[in-house]
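In: Dropping a prediction and its sequence here:
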Amino acid sequence: MLDKNGIARRIAKELKDKYYVNLGIGIPTLVANYIPQGIEVEFQSENGVLGMGPFPYEGEEDADIINAGKQTITTMPGASFFDSATSFGMIRGQHVDLTILGAMEVSENGDIANWKIPGKMVKGMGGAMDLVASAENIIVAMMHTNKAGKSKLLKKCSLPLTGVNCVKKIVTNLALLEVTEKGFKLLERAPGVSVEDIRNATEGNLIVEGNIPEMTLD
Amino acid sequence: MIRKTVADVTEAVAGIKSDMTFMLGGFGLCGIPENIIAALVKSNINGLTCISNNAGVDDFGLGLLLQKKQIKKMISSYVGENDEFERQMLSGELDVELIPQGTLAERCRAAQGGFPAIYTPAGYGTEVAEGKETREFDGKMYVLEHAFKADFAFVKAWKGDEAGNLIFKGTARNFNPCMCGAAKITVAEVEELVPVGTLDPNQVHIPGIFVQRIFQGTDYEKRIEQRTVRSRGVS
């Protein structure tokens, strides 16, 4: 089973050379710490930075340089800062190649719900609706089940939607899955996790074809 | 040169009244107009509508105005990290309109640039689009969102000159440039106010035409909301 950093490490392996990548709040921000060797990528954070680097060393934090999770960050050589309208122009205009974001629920047709639980304090959608309405390639980073042990990979989302038919891949603490026309296709198992474990934690249609390899993180 | 300087924050916020609509720059606590917010708290005006991406934390930023119940309505994209906000929202004292972050930025920029409204794909098919005009362009659906109307825009920049030209630093830029000129009066507070001729015109982010009043702020706290570091020795 993967912890949050493990999920981030596995997603980092999906990064391709020359990709501009947007990282959402939560687990996705950790992906910036695991950029694979030998490829050029730039991380975009919607609060207005392209070329985001790892967290700063202690004592080198700058209150004026943060990511969308309001965490202190550093910048890489070639980085740039810009205003919020320009930032969302990059997103809506599909200049960003890959979006990685968290979710409360994902349905087997790629719908995502990640901003509102009726009856509970609503914190807001932030940039999530802009991202999912525009991005061509979306990977969701989340735990496979919620705190009550209930599956977050569903036939149909029960919570208010953030966007429809948009999620392409999901990396959870248990598995890497691809969203296909027929449902969640299991691609890899997390270390020490069986296909049965994944099946038991998945409410939506799970497609298992042949031997499912255990994922590697390096 | 048209001089925009005012003596201090008191003069900078002259004309503010209860029940007005304000735009306030900042992302979280990054790049917020600290001096102006302090003056608004001191002014005791209330019934305010605030257009701001976030709502501060309990004891800083817009949270200070919420503590004194000066805000009637917040228009924001994300409002976590604030217990008093949550209490007022759940009790019905505070009206909250949540909108997508890119839509928030573009509704500011529309007001700045003379567009009455814009079409965006964000929120189509969700409750955000309910009751709004939609239209198809090239097979994709978009939602009509109107330009904001505000009485004051309060922004924070790093450097500015007496003509109101502004330069921002790092991600403290965020919504600040989008809000300049998007309200009837734009007030900028800067960390360093310099004489005209000091700033390289090539490096100016916001031309002074969008700014009516400018002053140098004092005692910036620049609080960090989430201090995250890595240990030395780990690359």
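Out: Cool, the structure landed. Bear in mind the structure is a predicted one, so any value in this text is a computation, not a measurement.

In: Can you report how many residues lie near B:Ile118?
Out: B:Ile118 has 17 neighbours, counted by other C-beta atoms under 10 Å in any protein chain shown. The C-beta positions use only the backbone N, C-alpha and C, and glycine is treated the same way.

In: actually A:Thr216, not the one I typed
Out: For A:Thr216, the neighbour count with other C-beta under 10 Å is 10.

In: That one and B:Lys140: what is the separation?
Out: For A:Thr216, the distance to B:Lys140 equals 38 Å [C-beta to C-beta, to the nearest Å].

In: give me the element the residue of chain B at minimum distance from chain A is part of.
Out: As assessed by C-beta to the nearest C-beta, chain A sits closest to B:Gly102 within chain B, at 3.1 Å. With secondary structure defined by DSSP states H and E, B:Gly102 is part of helix B:101-113.

In: what comes up buried for the following helix or strand past that helix?
Out: Proceeding N to C from helix B:101-113, the next assigned helix or strand is strand B:117-120, under DSSP H and E. Neighbour counts over strand B:117-120 (16 or more other C-beta atoms under 10 Å in any protein chain shown) mark B:118, B:120 as buried.

In: Please apply the same query to stretch B:103-120.
Out: Taking 16+ other C-beta under 10 Å as the criterion, stretch B:103-120 shows B:103-112, B:118, B:120 as buried.

In: Could you look up the SS state of A:Asn5?
Out: Three-state assignment for A:Asn5 (DSSP: H, G, I helix; E, B strand; the rest coil): helix.

In: now the lowest-mean-pLDDT helix or strand in chain B: how far from the chain's centre is it?
Out: Every helix and strand of chain B was ranked by mean pLDDT, DSSP states H and E. The lowest is helix B:83-91, at a mean of 90. The chain centre lies 21 Å from the centre of helix B:83-91; the measure is C-alpha atoms, centre = their mean, to the nearest Å.

In: re earlier: show me the contacts for the residue of chain B closest to chain A.
Out: Contacts for B:Gly102 (C-beta atoms under 8 Å, 6 or more residues apart in numbering or on different chains) come out as A:46, A:84-85, A:87-88, A:91-92, A:127, A:129-130, B:120, B:122.

In: mind running it again at 7 Å?
Out: Counting by C-beta atoms under 7 Å, 6 or more residues apart in numbering or on different chains, B:Gly102 touches A:88, A:91-92, A:127, A:130, B:120, B:122.

In: out of those, who's nearest B:Thr186?
Out: A:Phe88 (21.1 Å; C-beta to C-beta).

In: Quick one: neighbours of that closest one, just the number.
Out: For A:Phe88, the count of nearby residues is 27 (other C-beta under 10 Å).

In: And the host helix or strand of it, what does it pack against?
Out: Using DSSP H and E, A:Phe88 sits in helix A:84-92. Counting contacts by 3 or more C-beta pairs under 7 Å, 6 or more residues apart in numbering or on different chains; DSSP states H and E, helix A:84-92 packs against helix A:128-134, helix B:101-113.

In: If we use 10 Å, what do you get?
Out: Helix A:84-92 sits against strand A:19-23, strand A:41-45, strand A:49-52, helix A:128-134, helix B:101-113, helix B:176-179, with contacts defined as 3 or more C-beta pairs under 10 Å, 6 or more residues apart in numbering or on different chains; DSSP states H and E.

In: Take those and lay them out in TSV including mean pLDDT and distance to A:Leu161.
Out: Output for the helices and strands packed on helix A:84-92, formatted as TSV (pLDDT from 0 to 100; distance: least, C-beta to C-beta, whole Å):
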stretch	mean pLDDT	distance to A:Leu161
strand A:19-23	94	19
strand A:41-45	93	24
strand A:49-52	94	28
helix A:128-134	94	9
helix B:101-113	98	16
helix B:176-179	98	27
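
In: do you know which of the ones you listed lies nearest A:Leu153?
Out: Closest of the helices and strands packed on helix A:84-92 to A:Leu153 is helix A:128-134, at 16.8 Å (criterion: C-beta to C-beta).

In: what sits against the residue of chain A found nearest chain B?
Out: For chain A, the residue closest to chain B is A:Phe88, as judged by C-beta to the nearest C-beta, at 3.1 Å. A:Phe88 makes contacts with A:46, A:48, A:127, A:130-131, A:134, B:100-106, B:109, B:120, B:122, B:178, as judged by C-beta atoms under 10 Å, 6 or more residues apart in numbering or on different chains.

In: Recalculate using a threshold of 6 Å.
Out: A:130, B:102, B:105 (C-beta atoms under 6 Å, 6 or more residues apart in numbering or on different chains).

In: Take those and lay them out in CSV including distance to B:Ser77.
Out: Output for these, formatted as CSV (distance: C-beta to C-beta, whole Å):
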residue, distance to B:Ser77
A:Asp130, 9
B:Gly102, 9
B:Ala105, 9
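
In: Out of those, the closest to B:Ile45 would be?
Out: Ranked by distance to B:Ile45 (C-beta to C-beta), the contacts of A:Phe88 are led by B:Ala105 at 26.3 Å.

In: Show me what from chain B comes close to chain A.
Out: Contacts of chain B with chain A, taken as C-beta under 6 Å from any C-beta of the partner chain, map to B:27-28, B:30, B:77-80, B:86, B:98, B:100-102, B:105-106, B:109, B:121-123, B:125-127, B:169-175, B:177-178, B:222, B:224-230, B:232.
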